[in-house]
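Novice: From the sequence below, what's the structure:
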Amino acid sequence: MARLFGTDGVRGIANEELTPLMAMQLGQAGAYVLSKENAHKPTIMVGCDTRISGDMLANALMAGACSVGANCVFVGVIPTPAVAYLTRKYKVDAGVVISASHNPVEFNGIKFFDGNGYKLPDALEDEIEELLKNNMQGVKFPIGPGVGKIKYRTDAREEYVNKAIQSVNVDLSGLKIVVDCAEGASYYTSVEALKELGGNIVSIHNNPDGTNINANCGSTHMEELQARVVFEKANIGLAFDGDADRMLAVDENGKVVDGDQIMAIVGNYMRSRGKLKNDTIVATVMSNLGFFLMAEKENLVVEQTKVGDRYVLERMKEIGASLGGEQSGHVIFLDENTTGDGLLSALHLLQVMVETGKPLSELATIMEVLPQALVNAKVANHKKEKYMEFPEIAQAIRDLEKKYAGEGRVLIRPSGTEPLVRVMIEGKDINVIKEDAQVLAKLIQDIMF
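Specialist: Numbering: from 1, shown residues only. Sure thing, here's the model as predicted:
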């Protein structure tokens with residue numbers, strides 16, 4: 001049995017790979033593993049994004065949790081970081097989000113948080129998988145009053161909005177902000193928070209119908225937002241993904257400001273206010289070379305991790321860092337929440353704009369983004385970790401590493417959530433690196449698909 005959990009929970013095509021039966025079994029195993037040390041009846045908080053399969057999978061998962069004696073609190077459509085926060089606030093035993101983040105509507109996923117609002121370490125995920133593999137052997141299923149029940153809450157999203165505003169209480173009056181909600185979980189929370197802080201908000205893609213999540217919108221499709229910011233003569237554009245744990249920005253000229261730039265802007269501001277612990281930012285190996293050059297110039301410490309916000313978070317906890325994240329827009333403010341939080345990222349970025357009086361285009365010049373080409377190769381999912389076992393691919397990678405030594409980078413990695421191998425090359429000439437990345441990606445795809 002291949003490992004079920006990827007870098008961000010369990011993912012797959014809903015009702016084909018990720019079936020209601022699997023969701024129910026994950027509910028059983030997850031609830032049991034996450035609460036077996038407790039003498040009391042455990043409680044699991046469950047939320048989902050806007051995709052149509054969310055209700056089906058959430059109810060199946062909660063049925064499974066109830067069958068092992070856990071109670072569930074269903075908080076409906078809500079951002080992933082809201083579930084992390086509310087799990088911690090209400091001291092429940094675990095949280096679960098039904099979401100496939102930035103992926104298309106046919107996908108869905110299940111990710112667990114422990115009682116402190118943190119994504120599960122590999123060891124706990126392995127324990128859940130082991131129970132599934134052994135058909136819940138050794139687990140006693142209660143009857144009568146021992147069975148769990150489900151409580152439905154509709155007010156939880158307001159608590160998350162209030163928490164975000166309390167964390168970064170910035171006056172946004174005078175700022176015109178275009179917000180792309182990706183037809184996802186932030187369609188209410190992000191708009192409401194920014195309006196309450198006084199912003200002049202233009203909302204796009206905030207009418208989810210269950211089938212349009214991430215469809216040519218949000219943080220993976222920025223073109224419409226870029227054009228709209230310029231058309232509206234807005235100060236900034238904000239793009240969330242489907243579950244709102246990531247955010248990318250657009251400056252007043254319509255230029256994208258990515259996660260690396262956001263961390264550079266906010267990190268330097270935090271340090272100037274004495275709030276950047278140990279003058280350290282945790283980033284991944286995929287961060288742009290320009291980010292590391294900025295850190296060197298500004299005397300900031302950068303800790304590098306594998307790709308995946310879970311690994312960023314683990315390192316942040318280990319060293320006591322307050323800021324970390326990814327180029328893709330997952331940014332973690334650990335003093336305020338335990339996972340990537342798109343709304344917090346937006347508010348912190350807006351706070352720097354307000355308190356410095358500088359436009360985003362000027363703030364973004366703190367780092368130079370070096371040309372970077374990223375091309376995905378579609379591969380068989382069970383092969384994606386084994387690309388270096390193919391001699392022709394291994395030799396092509398070595399040749400490129402030799403070519404870019406000293407003036408760029410070559411980084412190849414399997415996706416943690418999709419059947420892809422990602423080819424990333426940084427260098428001086430965008431046309432050259434793009435061509436090299438495309439050639440290598442095609443080779444990988446031809447051999448491994």
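
Novice: hey, let's count contacts and neighbours off CA atoms from now on
Specialist: Fine.

Novice: now the closest residue in space to Gly427 that isn't next to it in sequence: how far from Met424?
Specialist: Of all residues not flanking Gly427 in the chain, Gly408 sits nearest, at 4.4 Å (Cα to Cα, 6 or more residues apart in numbering). With distances taken as Cα to Cα, to the nearest Å, Gly408 is found 11 Å from Met424.

Novice: Please, where are all the helices along the protein?
Specialist: Along the chain, counting by DSSP state H, helices occupy 20-35, 54-67, 80-89, 122-133, 156-167, 186-196, 223-232, 259-272, 289-298, 309-319, 342-356, 360-363, 391-404, 430-448.

Novice: per-residue confidence at the residue nearest to Gly427?
Specialist: Looking at Gly408, its pLDDT is 84.

Novice: re earlier: ok, which of the helices of the chain comes nearest Val178?
Specialist: helix 223-232 (6.2 Å; Cα to Cα).

Novice: of Gly408 and Met424, who's got more company?
Specialist: More crowded of Gly408 and Met424, by other Cα atoms under 10 Å: Met424, with 23 against 17.

Novice: what residues are up against that one?
Specialist: The neighbours of Met424, taking Cα atoms under 8 Å, 6 or more residues apart in numbering as the test, are Gln372, Ala373, Leu374, Val375, Arg409, Val410, Leu411, Ile412, Ala437.

Novice: Put together TSV for those residues, with neighbour count and distance to Glu196 on each row.
Specialist: What follows is the contacts of Met424, written out as TSV (neighbours: other Cα atoms under 10 Å; distance: Cα to Cα, whole Å):
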residue	neighbour count	distance to Glu196
Gln372	21	38
Ala373	20	39
Leu374	17	38
Val375	21	40
Arg409	20	44
Val410	22	45
Leu411	15	43
Ile412	20	43
Ala437	26	45
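
Novice: closest to Phe107 among those residues?
Specialist: Checking the contacts of Met424 one by one against Phe107 (Cα to Cα), the nearest turns out to be Val375, at 21.1 Å.

Novice: Contact partners for the nearest residue to the closest one once chain neighbours are set aside?
Specialist: Nearest residue to Val375, sequence neighbours excluded (Cα to Cα, 6+ apart): Val423, at 5.2 Å. Counting by Cα under 8 Å, 6+ apart, Val423 makes contact with Ala373, Leu374, Val375, Asn376, Ala377, Val410, Leu411, Ile412, Arg413, Ala437, Leu440, Ala441.

Novice: Would you confirm that Leu18 contacts Ser99?
Specialist: No: when contacts are counted by Cα atoms under 8 Å, Leu18 is not listed as touching Ser99 (11.4 Å).

Novice: residues bridging contact with those two, i.e. touching both?
Specialist: Asn108, Gly109.

Novice: who's more crowded, the two?
Specialist: Counted by other Cα under 10 Å, Leu18 and Ser99 do not tie: Ser99 has more neighbours, with 33 against 18.

Novice: thinking again about what came up before, in a markdown table, list the helices of the chain along with distance to Ile150 and mean pLDDT.
Specialist: Listed next are the helices of the chain as a markdown table, based on distance: least, Cα to Cα, whole Å; pLDDT from 0 to 100:
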| stretch | distance to Ile150 | mean pLDDT |
| --- | --- | --- |
| helix 20-35 | 13 | 92 |
| helix 54-67 | 7 | 97 |
| helix 80-89 | 16 | 97 |
| helix 122-133 | 22 | 90 |
| helix 156-167 | 15 | 96 |
| helix 186-196 | 24 | 97 |
| helix 223-232 | 39 | 98 |
| helix 259-272 | 38 | 98 |
| helix 289-298 | 46 | 92 |
| helix 309-319 | 29 | 94 |
| helix 342-356 | 28 | 98 |
| helix 360-363 | 45 | 98 |
| helix 391-404 | 51 | 93 |
| helix 430-448 | 45 | 94 |
